[in-house]
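> mind looking at a prediction? Sequence and model below.
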Amino acid sequence: MQQAPCDSSLSLTCTVLGGFGFDFSPNETVDLKFKQESFELRSGELHHQEIYYLELEEVEIAGPGTVTKGGGFIGGGFGIDGAIQGIALATILNALTTKSKVHTFLKLVTNSGEIHLHYGGMEPAALRIALSEVFVVLRRQDLGWLAARRALLDSKKDGMSNEQYELLVSRLLKPPTHRPLSERQGRCPSCDESIPLLSPTCPKCHAQFGAGTAWSVKPI
């Protein structure tokens, strides 16, 4: 099976909560950028670490999302070290709560370690959608997943035509194709002009789109 490169160029500014195997300290601000074949963590110009998707085992997104009150995180853990780490984490989270109303936690597990991040730019569900392409890449490079899906098709082969079976196997084995939203066209609901789907305004009639407006660009 061929592995398609990820076209995502999403960049997130996060706060490090902790982890193991990464050269970043708790409470350090890092830029997390998802690229074609890897993701990169960067703090400043010199301090950065790149991990290829083939090294990435798990991505987990959690958290309460939008909250209305600050503070309230309590530290604790197993033994002295656990208690110290828990108290330190609670201190970071309480400080973040005074700055951000959105609390999304991102865990990245790799062959060599894991890192836990706080992100205040999107709620968990929105971030999960934004990272859909990354999750597809991870799923398709899982040999167990591939074997299970192929076994399912083989088990149903007798109930379908050869053409249908070959079509489904082809879909499974070849990299998925997807045209980024940035390349898609839409139509202005005001003047019917063809414009980029993600346009904030129409270049012809100057109609505005997005949150707080009555119109949205219609996909073509």
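Happy to help now that I have it. Numbers count the residues shown, from 1 in each chain.

> for residue 62, see how far away residue 126 is.
13 Å (CB to CB, to the nearest Å). Glycine gets a C-beta too; all of them are placed from N, C-alpha and C.

> what's the answer for residue 113, then?
19 Å.

> could you do residue 46 as well?
From residue 46 across to residue 62, the span is 31 Å (CB to CB).

> what do you get for residue 10?
Distance from residue 10 to residue 62, by CB to CB: 18 Å.

> which one of these two has more residues nearby?
residue 10 (16 against 13; other CB atoms under 10 Å).

> so the more buried one sits right up against residue 36, yeah?
No: between residue 10 and residue 36 there is no contact under CB atoms under 8 Å: 11.9 Å.

> how is the protein divided into domains?
Per automatic domain parsing, the domain ranges recorded for the chain read 11-140, 143-173, 180-220.

> need these in TSV (columns: mean pLDDT).
Shown next, in TSV, are the domains of the chain (pLDDT from 0 to 100):
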stretch	mean pLDDT
domain 11-140	80
domain 143-173	94
domain 180-220	82
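
> which residue ranges of this protein form helices?
Secondary structure of the chain by DSSP state H: the helices cover 79-99, 124-130, 132-140, 143-155, 162-173.

> so residue 115 sits against residue 15, correct?
No: using CB under 8 Å, residue 115 makes no contact with residue 15, being 11.3 Å away.

> where exactly do the strands run in the chain?
According to DSSP state E, the chain carries its strands in the segments 11-20, 29-34, 38-43, 47-52, 56-66, 102-110, 114-119, 185-187, 194-196, 218-219.

> turn the ones you listed into JSON lines, columns for distance to residue 143.
Listed next are the strands of the chain as JSON lines, based on distance: least, CB to CB, whole Å:
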{"stretch": "strand 11-20", "distance to residue 143": "26"}
{"stretch": "strand 29-34", "distance to residue 143": "22"}
{"stretch": "strand 38-43", "distance to residue 143": "20"}
{"stretch": "strand 47-52", "distance to residue 143": "16"}
{"stretch": "strand 56-66", "distance to residue 143": "13"}
{"stretch": "strand 102-110", "distance to residue 143": "17"}
{"stretch": "strand 114-119", "distance to residue 143": "21"}
{"stretch": "strand 185-187", "distance to residue 143": "38"}
{"stretch": "strand 194-196", "distance to residue 143": "39"}
{"stretch": "strand 218-219", "distance to residue 143": "36"}
